[in-house]
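Colleague: 3D model of this:
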Amino acid sequence: MKKNKGWLILIVFFSIIIGGILFSRVWAGGDLFRDLQPLIDTYQTIQTQYIEKVKPSKLIEGAIKGMIESLEDPHSHWMDPRSYEEWQTEREGKFGGLGIQITIKDNFLTIVSPLEGTPASEAGIEPGDRIIKIEGKSTEGITLIEAARKLRGEPETQVKVTIQREGEKKYLDFNLTRAIIKSLNIEQRILPNDVAYIKIMSFMDENTDEDFKGTLAQLKDRKIEGLILDLRYNSGGLLSQAVEVADEFLDSGVIVSTRGRDSSQNEIYHARPGGEAVNIPLVVLINGGSASASEIVAGAIKDHNRGILMGTKSFGKGTVQQIFPLVNEGSIALTTAKYYTPSGESIEGKGIEPYMKVEAFKPTEEEKKTLAQLKKSKWVKEFLAKYPHWEEMDLTFLLDRFKEEGIEVEADLLKIFLREEDEDRENDYLNDLQLLKAIKSMAEALKDPEVALHLAP
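Modeller: Sure thing, here's the model as predicted:
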């Protein structure tokens, strides 16, 4: 009876994995049955000979997990029912954690990007940071699911991560306080010279395209002259949402194509006439935190010469995953295709290079020491209490006080520091060197029709 029960469980298991057609081949005999025989024998041996009784479901989950891990693909993984539920919660845009997207890159647990305004971004976590330890334990060999589970937890609890950062000689330790992460889709504002700014945080939400179209319509009503689309730190999401957003800037041609081993995975997505932003001069910002769906949008705009790409090279995640739910309410996420830009290039592992490379502000070691001194100075709080919306003419008094404390600071660095600390959020963009360059390029284009032709067809 036990033997028959074991066979029944395995039959159900394999029918899930290989489907009804292949399952019929198992009963009929043949190569597939012979290939699976060692796995069946192992299952039966464990059930009859192992020192302790093991739940059949545990062995089946272990077999699934082992098969997925044997692919050596960081983006394919097994999700047990709990992990699947957490993934669905994340898609709904509300989950507990640190506000980071992670992947396995070059065999290291790597940050794709931190979500703006979350514990990770507030602490200074950066794209490309490698998580070497979680709570003092090595992450070598860890899976994405295991890492996500260790990093998430109850709000207000802490988790310690040890980071290896390019250019840093020592590991960096961060004690991060978990929080409820609410993923916002869109941030928008009007910049000088009636230039609109739209930042798309993520493409995870199924309403991203509708949110984008609504925001765009509002900005067009205000008679904008140009648009800066910010895809920095956008770690991607749904292919469909990327296609819909890119379609707003193009009225013909290929947006992206996907190619898989199975011809059913081969798709070509074309732009349709009537996009809301087809004729708006455009600059797109990308960086090392721009991945997956955001790279689809950036790649389409670049290959069609629709706008100017500016910033630094994107992350380079160019594969498509599908979720296959299983009968036990778990699922497998499986890489089924790669996507290709309109020019036919795969960006997997390579990323997209901007037309114009512009580095973000990164303080030198000496400047870091100076900034640390400023944070401790009593004069900063007193100054900002008196001048919450300070002007450059107000800085003389503060610079004199710093000299008395033995702190030597350049006025430009002081302004950067104060903009981070003050209440005038409207001026935050003045610290963003990449955005400032985009604004300058847009202004030059709007003055020169020939230059503007490169920003809008």
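Colleague: please count neighbours and contacts with C-alpha atoms only from this point.
Modeller: OK.
Colleague: in the stretch 301-450 of the chain, where is pLDDT below threshold?
Modeller: Judged against pLDDT under 70, the low-scoring parts of the stretch 301-450 of the chain cover residues 328-329, 448-450.
Colleague: which stretches of it form helices?
Modeller: Using DSSP state H, counting those that start in this stretch, the helices found in the stretch 301-450 of the chain span residues 365-376, 378-386, 395-404, 411-421, 433-447, 449-452.
Colleague: run through who's touching the second one.
Modeller: The one in question is helix 378-386. Identification of contacts with helix 378-386 by C-alpha atoms under 8 Å, 6 or more residues apart in numbering yields L374, W390, L398, R401, F402, D422.
Colleague: which among the helices of the stretch 301-450 of the chain is found nearest to I104?
Modeller: Comparison of these against I104 by C-alpha to C-alpha identifies helix 433-447 as nearest, at 27.6 Å.
Colleague: for that closest one, packing partners?
Modeller: Applying 3 or more C-alpha pairs under 8 Å, 6 or more residues apart in numbering; DSSP states H and E, one finds that helix 433-447 contacts strand 226-230, strand 282-286, strand 308-311, helix 449-452.
Colleague: now with 6 Å?
Modeller: Judged by 3 or more C-alpha pairs under 6 Å, 6 or more residues apart in numbering; DSSP states H and E, the packing partners of helix 433-447 are helix 449-452.
Colleague: on that earlier part again, deepest of the helices of the stretch 301-450 of the chain, which one?
Modeller: The highest average neighbour count among these, using mean count of other C-alpha atoms under 10 Å, belongs to helix 433-447 at a mean of 18.
Colleague: and the gap between the closest residue to N431 other than its chain neighbours and R425?
Modeller: When the adjacent residues along the chain are set aside, N431 lies closest to I416, with 5.8 Å between them (C-alpha to C-alpha, 6 or more residues apart in numbering). Here the distance between I416 and R425 works out to 13 Å (C-alpha to C-alpha, to the nearest Å).
Colleague: for the helices of the stretch 301-450 of the chain, give me JSON lines that also has distance to G153.
Modeller: JSON lines is the format used below for the helices of the stretch 301-450 of the chain (distance: least, C-alpha to C-alpha, whole Å):
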{"stretch": "helix 365-376", "distance to G153": "30"}
{"stretch": "helix 378-386", "distance to G153": "34"}
{"stretch": "helix 395-404", "distance to G153": "42"}
{"stretch": "helix 411-421", "distance to G153": "29"}
{"stretch": "helix 433-447", "distance to G153": "35"}
{"stretch": "helix 449-452", "distance to G153": "49"}
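Colleague: between those, which one is closest to P38.
Modeller: Set against P38 and scored by C-alpha to C-alpha, those come closest in helix 433-447, at 57.2 Å.
Colleague: distance from the chain centre to that closest one, please.
Modeller: The gap between the average C-alpha position of helix 433-447 and the chain average comes to 26 Å, counting by C-alpha atoms, centre = their mean, to the nearest Å.
Colleague: count of residues packed around S138?
Modeller: Burial of S138 is recorded as 12 neighbouring residues (other C-alpha atoms under 10 Å).
Colleague: residue contacts, it?
Modeller: Applying C-alpha atoms under 6 Å, 6 or more residues apart in numbering to S138 gives the contacts I132.
Colleague: between I416 and R425, what contacts are shared?
Modeller: Contacts common to I416 and R425, judged by C-alpha under 6 Å, 6+ apart, are absent.
Colleague: pLDDT below threshold where in the stretch 151-300 of the chain?
Modeller: In the predicted model of the stretch 151-300 of the chain, residues 183-184 satisfy pLDDT under 70.
Colleague: show me the helices in it, by range?
Modeller: Counting by DSSP H, counting those that start in this stretch, the stretch 151-300 of the chain forms helices over residues 208-221, 239-247, 293-303, given from the N-terminal end onward.
Colleague: buried residues in the first one, which are they?
Modeller: Taking 16 or more other C-alpha atoms under 10 Å as the basis for neighbour counts, the residues of helix 208-221 that come out buried are T208, D209, D211, F212, K213, T215, L216, L219, K220.
Colleague: next: the second one.
Modeller: With burial defined by 16+ other C-alpha under 10 Å, the residues of helix 239-247 counted as buried are L239, Q241, A242, V243, E244, V245, A246, D247.
Colleague: and which of the residues you listed is nearest A179?
Modeller: Sorting the buried residues of helix 239-247 by distance to A179 puts Q241 at the head of the list, at 26.5 Å, by C-alpha to C-alpha.
Colleague: distance check, that closest one against L395.
Modeller: For Q241, the distance to L395 (C-alpha to C-alpha) stands at 46 Å.
Colleague: look up phi and psi at the closest residue in space to A337 that isn't next to it in sequence.
Modeller: Excluding the flanking residues, the one nearest A337 by C-alpha to C-alpha, 6+ apart is G260, at 4.0 Å. Geometry field for G260 lists phi and psi as phi -130, psi 180, criterion degrees, to the nearest 10.
Colleague: quick one: residues contacting the residue nearest the centre of the chain.
Modeller: Most central in the chain under C-alpha atoms, centre = their mean is S235, positioned 1.6 Å from the mean C-alpha point. Listed by C-alpha under 6 Å, 6+ apart, the contact set of S235 reads S290, A291.
Colleague: so R232 makes contact with I286?
Modeller: Yes - under the criterion of C-alpha atoms under 6 Å, R232 lies in contact with I286, with a separation of 4.6 Å.
Colleague: of those two, who's got more company?
Modeller: With other C-alpha under 10 Å as the criterion, R232 and I286 differ in neighbour count, and I286 comes out ahead with 29 against 23.
Colleague: any idea how far the more buried one is from N207?
Modeller: Per C-alpha to C-alpha, I286 is found 22 Å from N207.
Colleague: try A372
Modeller: According to C-alpha to C-alpha, A372 and N207 sit 41 Å apart.
Colleague: just S83 next, same as before
Modeller: The spacing between S83 and N207, counted by C-alpha to C-alpha, is 23 Å.
Colleague: neighbour count: those two, which is higher?
Modeller: It is S83, of S83 and N207, that has more neighbours when counted by other C-alpha under 10 Å, with 17 against 11.
Colleague: just say helix, strand or coil for that one.
Modeller: Three-state call for S83 (DSSP: H, G, I helix; E, B strand; the rest coil): helix.
Colleague: pretty sure V358 sits against G311.
Modeller: Yes - under the contact definition of C-alpha under 6 Å, V358 touches G311, with a separation of 4.6 Å.
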